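> 3D model of this:
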Amino acid sequence: MKCTFVDVAPESDFSIQNLPFGIFSANALPPQVGVAIGDHVLCMSALAKRGLFSSIPGLDGQRVFGQPQLNEYMSLGRPVWRAVRQALQEFLSESSHPIRQQPCSDVLVPLGQVQMHLPAKIGDYTDFYASREHATNVGIMFRGKENALMPNWTHLPVGYHGRASSVVVSGTDLRRPNGQRRPDANSPPVFGQSARLDYELEMGFFFGGPANDLGVPLTVDQAEERIFGVVLMNDWSARDIQAWEYVPLGPFLGKSFGTSISPWVVSMDALEPFRVMQPLQDPEPLAYLREKSADSRANYDINLNVHIRPHESGELFVLSKSNLKYMYWSLRQQLAHHTINGCNMRAGDLCGTGTIS
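The predicted structure follows:
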């Protein structure tokens, strides 16, 4: 399938097969829903006004796509998301599409002219710890090699409740946090700025569809249908503050000062061609975490790289390379475990995978 509505460079991340959702504003346009295509943003409310989505049951396109966050659209569920994606691909690829016979200049905004915002109003944020390699590395850092991986880690997706208010869109400046740290194990703690500020390369995923009722968990298969899409995430970490404070209740000030996410949310349908098997889980998970879906390929082959540009330097240096396919616990296992105690999830809730090492 090829986009014929606007030129899209072969190397563009925003192809007709991707079509990520975000919230943009530009000139006189207030924050609203947009979809990236090539070097442009599709104004979804303008397309809705022309009737592109009028045949999709349950979708009031002009109202939903005119909102400054994706929460209501996220709540509509996968049948609506898929119908919208299909309508967009048909519009972009078919020169004879009826709506393309009308003037369409106002449905496109150059990417260079837009400001991006948080894609959703995040009610709750949970961070998991789903990479075995990362859990082992951190365990060695904090507890030593002999006690690196805690006994529960291979039995459940470990997670903690993060701070939703300090999740920011990529590019937002963050201040180096203050807190207690204990650089000398034989001396009292000291107060001041973190001296060991670190990044954490993660993927985040947004919950979508109707909220599960309080007390009603989701199965692994149901969880698959409730993931709206994924974002890149940098869950900033103050290692020295975290190391001193994390026992016995886990991360607090060492993590809550800021989490950066990309402005564009890539749908799970766009990632469908990249499904792969997840690593072997040994011991076998308990029944509620076992993969029962007809498609047992629970992970995604997504290359992830981190580069750093030193101050006053124009050169980028590679810090790490990884891939989402290495995650021990899949996204749908993480979500199923999150709800197994009856926790109710709401559209726009954000979950992080934990560092992908």
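
> and residue 172, what does it touch?
For residue 172, the contact set (C-beta atoms under 8 Å, 6 or more residues apart in numbering) comprises 258, 260. C-beta coordinates here come from the backbone N, C-alpha and C atoms, glycine included.

> 7 Å - rerun?
By C-beta atoms under 7 Å, 6 or more residues apart in numbering, residue 172 lies in contact with residue 260.

> can you tell me which residues contact residue 258?
166, 168, 174, 236.

> mind redoing it with 8 Å?
With contacts defined as C-beta under 8 Å, 6+ apart, residue 258 is in contact with 166, 168, 172, 174, 177, 236.

> In strands only, show me those residues.
residue 168 (DSSP state E).

> Narrow the contacts of residue 258 to those that are buried.
Restricting the contacts of residue 258 to buried positions leaves 166, 168, 177, 236, with burial counted as 16 or more other C-beta atoms under 10 Å.

> And the top helix by length along the chain, how far out from the chain middle?
Ranked by residue count under DSSP state H, the longest helix found in the chain is helix 78-93. Distance, stretch centre to chain centre, for helix 78-93: 21 Å (C-alpha atoms, centre = their mean, to the nearest Å).

> if I pick residue 218, what's in contact with it?
Residues counted as contacts of residue 218 (C-beta under 8 Å, 6+ apart) are 212, 226, 335-336, 339, 345.

> can you rerun that using 10 Å?
Shown in contact with residue 218 (C-beta atoms under 10 Å, 6 or more residues apart in numbering): 207, 209, 212, 224-226, 288, 332, 335-340, 343, 345.

> ok, these vs residue 313, which is closest?
residue 207 (39.3 Å; C-beta to C-beta).

> What score does that closest one have for pLDDT?
According to the prediction, residue 207 has pLDDT 98.

> That one and residue 336 touch, don't they?
No. Residue 207 is beyond contact range of residue 336, at 12.0 Å (criterion: C-beta atoms under 10 Å).

> who touches both of the two?
Jointly contacting residue 207 and residue 336 under the rule C-beta under 10 Å, 6+ apart are 218, 223, 226.

> want to throw these into TSV with secondary structure?
Shown next, in TSV, are the shared contacts of residue 207 and residue 336 (DSSP: H, G, I helix; E, B strand; the rest coil):
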residue	secondary structure
218	coil
223	helix
226	coil
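
> closest to residue 21 among those residues?
Among the shared contacts of residue 207 and residue 336, residue 226 lies closest to residue 21 (C-beta to C-beta), at 16.2 Å.

> phi, psi of the closest one?
Backbone torsions for residue 226, taken as degrees, to the nearest 10, come to phi -100, psi 10.

> if I look at it, how far off is residue 286?
20 Å (C-beta to C-beta, to the nearest Å).

> Who has more neighbours out of the two?
For residue 226 versus residue 286, neighbours defined as other C-beta atoms under 10 Å are more numerous around residue 226 (25 against 11).

> I'd say the more buried one and residue 217 touch.
No. Using C-beta under 10 Å, residue 226 is not in contact with residue 217; the gap is 11.6 Å.

> Identify the contacts common to these two.
Taking C-beta under 10 Å, 6+ apart as the contact rule, residue 226 and residue 217 both touch 336, 339.

> ok, the shared contacts of residue 207 and residue 336 vs residue 25, which is closest?
Nearest to residue 25 among the shared contacts of residue 207 and residue 336: residue 226, at 28.7 Å, using C-beta to C-beta.

> so where do the helices sit in the stretch 151-300 of the chain?
For the stretch 151-300 of the chain, the helices defined by DSSP state H, counting those that start in this stretch cover 220-225, 239-245.

> nearest to residue 31, of these?
For those, the distance to residue 31 is smallest for helix 220-225, at 28.1 Å, taking C-beta to C-beta.

> And the contacts of the closest one?
77-79, 207-209, 212, 216-219, 268, 285, 288-295, 298, 330-339, 345.

> The same query, at a cut-off of 7 Å, please.
So helix 220-225 is contacted by 78, 209, 289, 291-293, 332-333, 335-336 (C-beta under 7 Å, 6+ apart).

> what's the answer for stretch 71-86, then?
Residues outside stretch 71-86 that contact it (C-beta under 7 Å, 6+ apart): 19, 33, 53, 56, 58-59, 64, 120-121, 206, 208-210, 225, 228, 267, 269, 347-348.
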